[in-house]
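Colleague: Sequence first, predicted model second:
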Amino acid sequence: MNKAFVKESEDSSDDDEELLPAALRLPSGSKNYMTPRGYQALRDELDALLRTERPKIVEIVAWAAGNGDRSENGDYIYGKKRLREIDRRVRFLTKRIENAEVVDPSARQDSDQVFFGATVTLCDADSPDATEQAWQIVGIDEADVSAGKISWVSPLARALLKAREGDVVRFASPAGMREVEILAVRYE
């Protein structure tokens, strides 16, 4: 069948969440907790897509469409594909921003208990060298293990939530059950 007669689903926004890896999906019925920095990063990405990238691609597609035969016009075909990708990302970002619950970690000063936004210094009880690690508990969209930021839905973060300095917590890691001791809790 010719592509011209195949209609793409208009309501593909429901599928966007299902296409994500499990680590990036929000648990059903939960809020999309974010730090102010993570919220601003999503807003900046949405703004860049809508104000810069999408208009540029629309201009290319319009130019390519004016060149005649669209069936073998690479600029037109790939431009339309990129527009669909941008529109899908815009829908996703819009939904995430609308459902965002911004939590400012600096508002929780003077607490030794772990909540969203805390930076927790840990010592692995099972490790012979007892190296310290610091992890900040952040939103799903801003998690970056290489920067020391873990999602609040990760196994480690869930085990740490509501624990206090000095507590030893157990959690299931990909390598099996582990124990870590909480050395310090701070909010930045």
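Modeller: Received the coordinates, thanks. Residues are numbered from 1 along each chain as shown.

Colleague: Next, the buried residues of stretch 39-51.
Modeller: Within stretch 39-51, the residues scored as buried using 16 or more other C-beta atoms under 10 Å are 39, 42, 45-46, 49. The way it works is simple: take the backbone N, C-alpha and C, and place the C-beta from them, glycine included.

Colleague: Stretch 80-97 now?
Modeller: Neighbour counts over stretch 80-97 (16+ other C-beta under 10 Å) mark 80, 82-83, 86, 89-90, 92-93, 96-97 as buried.

Colleague: Restricted to helices, list these.
Modeller: Filtering the buried residues of stretch 80-97 for membership in helices, criterion DSSP state H, returns 80, 82-83, 86, 89-90, 92-93, 96-97.

Colleague: of these, closest to Leu122?
Modeller: Nearest to Leu122 out of those is Arg96 (C-beta to C-beta; 28.7 Å).

Colleague: Spatially, which residue comes closest to Arg54, not counting chain neighbours?
Modeller: Closest residue to Arg54 apart from its sequence neighbours, by C-beta to C-beta, 6 or more residues apart in numbering: Ile86 at 5.1 Å.

Colleague: where does the one you found sit relative to Gly38, distance-wise?
Modeller: Using C-beta to C-beta, to the nearest Å, one gets 21 Å for the distance from Ile86 to Gly38.

Colleague: quick one: which two of the ones in helices among the buried residues of stretch 80-97 are the most distant?
Modeller: Lys80 and Ile97 (25.8 Å).

Colleague: partner strands of the strand ranked longest in the chain, parallel or antiparallel?
Modeller: Counting residues, the longest strand found in the chain (DSSP state E) is strand 176-187. Here strand 176-187 has these sheet partners by DSSP bridges: strand 118-124 (antiparallel), strand 168-173 (antiparallel).
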